[in-house]
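Asker: Let me see the structure of the following:
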Amino acid sequence: MNAIIKTVSITDPIATGIAAYLDEIVALRHDLHQYPELAFQEHRTAKKVASLLAEWGYDVATGIAGTGVVATLRRGSGKRSIGIRADMDALPIEEATGLDYASSNPGVMHACGHDGHTSILLAAARYLAESGNFSGTLRLIFQPAEEIGAGARKMLSEGLFDRFPVDAVFGLHNWPGVPTGQFGFVAGPAMASVDKAVITIVGKGGHGAEPHRAIDPVLASASFITALQSVVSRNIDPQEMAVATVGSIHAGSASNVIPESVEMKLTVRAYNETVRARLQERISALVRAQAESFGAVAEVDYRRGFPALVNHAEETEFARNVALQALGGASVEADFRPRTASEDFAFLLQAKPGSYLFVGNGDSAPLHSARYDFNDAIIAPAARYWVRLAEAFLANDNG
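Answerer: Have a look, this model is predicted:
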């Protein structure tokens, strides 16, 4: 899969074709942004997606994992098949952008750009249906519930790749802070695993003026939070990535009362399963020992989330070379680094070879911010990239 880097012509027919209806796609993106839907509630979004795909000639299957949509387009005699996935769900965040097309659904917004991901894939889908030059089977996967890490697993459990076989699967995510329309590729671990620990330290409540008669779980939790930093710095290989963050701590409600218990919520992340297991082992042991040293008891509810997203080397190199050939060397960031955020596309990559790539959203608010908005300027280059990737993977000579 060696690439030849070449200058991209401004008369590229794919760019011209997508430009002809780009205004419609941008309007669609704004519509999806204005009517966001939470995980497994993407009924309006799925209906709109399915309707457009059917109008363009795709064989459309709906109701997969509740609101998931899979569209299939076959052309020629090619035997290969490719899957391209976009996510559709929004987040439980009150929007603060002030946009004309801001969310009309109180407390819900597209703060991660899934409205943009869906629009990108629809833009590519239309071109591929009207003018795509390929031989084989194209599968477009519109997934629900990425934000809660449940959509990919549910689609797989309902036979996604049994019903709709693919030889490889690809996806993308926009990324704030990366130059607009610039692509990033990472072979191997590209995003972290994510686990959640809910820890309760139970002591003995009492009057704040008589701490000697109580067992203070607040003090025990403070000691644990300080000691927690030693897990990453002293129990994990310095050359490995690990994150352990206490994002929530709740105890008591009065200044003069020592509460009975403290609850802490942690997010724990890693790039490989060995480190992931070590983090669980050490965090659980440490909090129990810390609590015991104060005469308290620690209860640990350690919940495994989804694994690290690990891109397959061959498919990632192929995807990168497509970008170099189709969009030019300047469109690819030379040293794009793995991200410590998480993605349930990881489950799809455990089931099939493939790659998950990134496209710059420019100087925007960060993901999951109430002020975030997807950059419409990346729709055209990203859609053009999906077209090139599908055509290259399903080249007419692939047999």
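Asker: pLDDT (mean, whole number) over the helix or strand harbouring Gly171?
Answerer: Assigned by DSSP states H and E, Gly171 belongs to strand 168-175. Mean pLDDT, strand 168-175: 98.
Asker: Also stretch 96-107?
Answerer: Computed over stretch 96-107, the mean pLDDT rounds to 98.
Asker: for stretch 46-63, same thing?
Answerer: 98.
Asker: Endpoint to endpoint, it covers what distance?
Answerer: Start to finish, the residues bounding stretch 46-63 are 9 Å apart (CA to CA, to the nearest Å).
Asker: Okay, buried residues for that stretch please.
Answerer: Neighbour counts over stretch 46-63 (16 or more other CB atoms under 10 Å) mark Ala46, Lys48, Val49, Ala50, Leu52, Leu53, Trp56, Tyr58, Val60, Thr62 as buried. The way it works is simple: take the backbone N, C-alpha and C, and place the C-beta from them, glycine included.
Asker: which helices and strands sit right next to the helix or strand containing Glu263?
Answerer: Glu263 is part of strand 261-270, with elements assigned from DSSP H and E. Secondary-structure packing of strand 261-270 (3 or more CB pairs under 8 Å, 6 or more residues apart in numbering; DSSP states H and E): strand 193-202, helix 217-230, strand 242-250, helix 273-293.
Asker: Run through the neighbouring helices and strands of the third one.
Answerer: Under the contact criterion of 3+ CB pairs under 8 Å, 6+ apart, the helices and strands touching strand 242-250 comprise helix 217-230, strand 261-270, helix 273-293.
Asker: Please identify the most buried of those.
Answerer: strand 261-270 (a mean of 21; mean count of other CB atoms under 10 Å).
Asker: Tabulate the CA atom coordinates of that one in CSV.
Answerer: Extracted in CSV, the C-alpha atoms of strand 261-270 (Å, rounded to 0.1, in the frame of the first residue of the first chain):
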residue,chain,number,x,y,z
SER,A,261,-19.5,8.4,54.5
VAL,A,262,-17.8,9.9,51.5
GLU,A,263,-18.5,9.0,47.8
MET,A,264,-15.8,9.5,45.2
LYS,A,265,-16.1,8.9,41.4
LEU,A,266,-13.0,8.3,39.4
THR,A,267,-12.2,8.0,35.7
VAL,A,268,-9.3,5.7,34.9
ARG,A,269,-7.6,5.4,31.5
ALA,A,270,-4.8,3.5,29.8
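Asker: Parallel or antiparallel, list what pairs with that strand.
Answerer: strand 193-202 (antiparallel), strand 242-250 (antiparallel) (DSSP bridges).
Asker: Does anything pack onto the helix or strand that comes right after the first one? Which helices or strands?
Answerer: So that's strand 193-202. The helix or strand immediately downstream of strand 193-202 is strand 206-207, counting by DSSP H and E. If contacts are counted by 3+ CB pairs under 8 Å, 6+ apart, strand 206-207 sits against strand 257-258.
Asker: quick one on the thing from earlier: mind checking how far the strand holding Gly171 is from the chain centre?
Answerer: 9 Å (CA atoms, centre = their mean, to the nearest Å).
Asker: right, and the helix or strand after it?
Answerer: According to DSSP H and E, the helix or strand after strand 168-175 is strand 183-184.
Asker: How about residues contacting that next one?
Answerer: With CB atoms under 8 Å, 6 or more residues apart in numbering as the test, strand 183-184 has contacts from 175, 178, 320, 323, 327, 331-333, 336, 357-360, 385.
Asker: Over to stretch 283-303?
Answerer: Contacts for stretch 283-303 (CB under 8 Å, 6+ apart): 195-204, 215-217, 219-220, 223-224, 227-228, 230-231, 244, 266, 268, 280.
Asker: What ranges does the stretch 251-399 of the chain have for its helices?
Answerer: 273-293, 313-327, 345-351, 379-393 (DSSP state H, counting those that start in this stretch).
Asker: ok so, going back, and the helices and strands packed on strand 261-270: which comes nearest Thr316?
Answerer: strand 193-202 (18.7 Å; CB to CB).
Asker: rewinding a little: give the other helices and strands that the strand holding Gly171 contacts.
Answerer: Taking 3+ CB pairs under 8 Å, 6+ apart as the contact cut, strand 168-175 packs with strand 81-87, helix 114-131, helix 313-327, helix 345-351, strand 354-360, helix 379-393.
Asker: Also compute the angle for that strand relative to strand 354-360, please.
Answerer: 20 degrees (axes from the mean of the first three to the mean of the last three CA atoms, to 10 degrees).
Asker: okay, the angle between strand 168-175 and helix 313-327?
Answerer: Going by the same axes, to 10 degrees, strand 168-175 is angled at 60 degrees with respect to helix 313-327.
Asker: Residues touching strand 168-175, excluding its own?
Answerer: Contacts for strand 168-175 (CB under 8 Å, 6+ apart): 82-87, 113, 116-117, 120, 141, 184, 312, 315, 319, 339, 343, 345, 348-349, 351-361, 367, 374-375, 378, 382, 389, 393.
Asker: switch to 6 Å and redo it
Answerer: Outside of strand 168-175, the residues within contact range by CB atoms under 6 Å, 6 or more residues apart in numbering are 82-85, 113, 116, 315, 345, 348, 352-361.
Asker: What of stretch 198-211?
Answerer: 213-217, 220-221, 256-265, 287, 291, 296-301.
Asker: residue closest to the middle of the chain?
Answerer: Glu343 (3.4 Å; CA atoms, centre = their mean).
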